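K.L.:
Attaching a predicted model along with its sequence, questions to come.
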Amino acid sequence: MPASTAPTTPPPPPSPCRNLPQLLGDARRWFEEALLAAMDAAGGPPVTSTQVQLFAVLDAEGTTVAALARRMGVTRQTAHQAVHGLVAAGLLEQVADPASARQRLIRRTPAGERAHHQAECLLQDLERQLAARIGHDTVEALRTALESFWGPPPTA
């Protein structure tokens, strides 16, 4: 007589594990939300998350709207709308591109430079607060990993 085999219960499904891009996105949003709140509390001009992202990818000497859109991963229309709002707020200006008569460069005004400097100081403070929460070694390990050269994205 064959040995009886008890029905086996399948193992429980693995707990939902969020992938790295989701976690990195959440981390970026944490910094953006904290930065926007800190700038608002400091009496800075009201800006959107997209406008903060635009400031982060803007070259000091100026950048075209097309380059801003590529760096931000948004459409030119979205980048142009963000630029328009920041120009209206007096934080950015459009100037002729010396390299191309058909292009305009977007660059910070003096008020935009002050806002950018304020944001950089606030971000440094947020990094210190994060280190106090999750540990200095953890923040340094995260910085080291993100600053490492990852090589080109793999192709299929």
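P.N.:
Perfect, thanks for sending it. Residues are numbered from 1 along each chain as shown.
K.L.:
What's the mean pLDDT across the longest helix along the chain?
P.N.:
Secondary structure of the chain per DSSP state H: the longest helix is helix 110-134. On average, the pLDDT along helix 110-134 is 95.
K.L.:
For the helix or strand following it, which helices and strands make contact with it?
P.N.:
Using DSSP states H and E, the helix or strand that directly follows helix 110-134 along the chain is helix 136-147. Packing contacts for helix 136-147, counted by 3 or more CB pairs under 8 Å, 6 or more residues apart in numbering; DSSP states H and E, involve helix 110-134. All C-beta spots, glycine's among them, are computed from the backbone N, C-alpha and C.
K.L.:
now the angle between helix 136-147 and the helix it packs on, please.
P.N.:
Counting by axes from the mean of the first three to the mean of the last three CA atoms, to 10 degrees, helix 110-134 points 130 degrees away from the direction of helix 136-147.
K.L.:
ok, and the closest non-adjacent residue to residue 74?
P.N.:
Excluding the flanking residues, the one nearest residue 74 by CB to CB, 6 or more residues apart in numbering is residue 50, at 7.2 Å.
K.L.:
Around the one you found, count how many other residues there are.
P.N.:
17 (other CB atoms under 10 Å).
K.L.:
residues in contact with the strand ranked longest in the chain?
P.N.:
Across the chain, the longest stretch assigned as strand under DSSP state E is strand 100-108. Applying CB atoms under 8 Å, 6 or more residues apart in numbering, the contact partners of strand 100-108 are 55, 58-65, 68, 83, 91-97, 115-116.
K.L.:
Okay then, goodbye and thanks.
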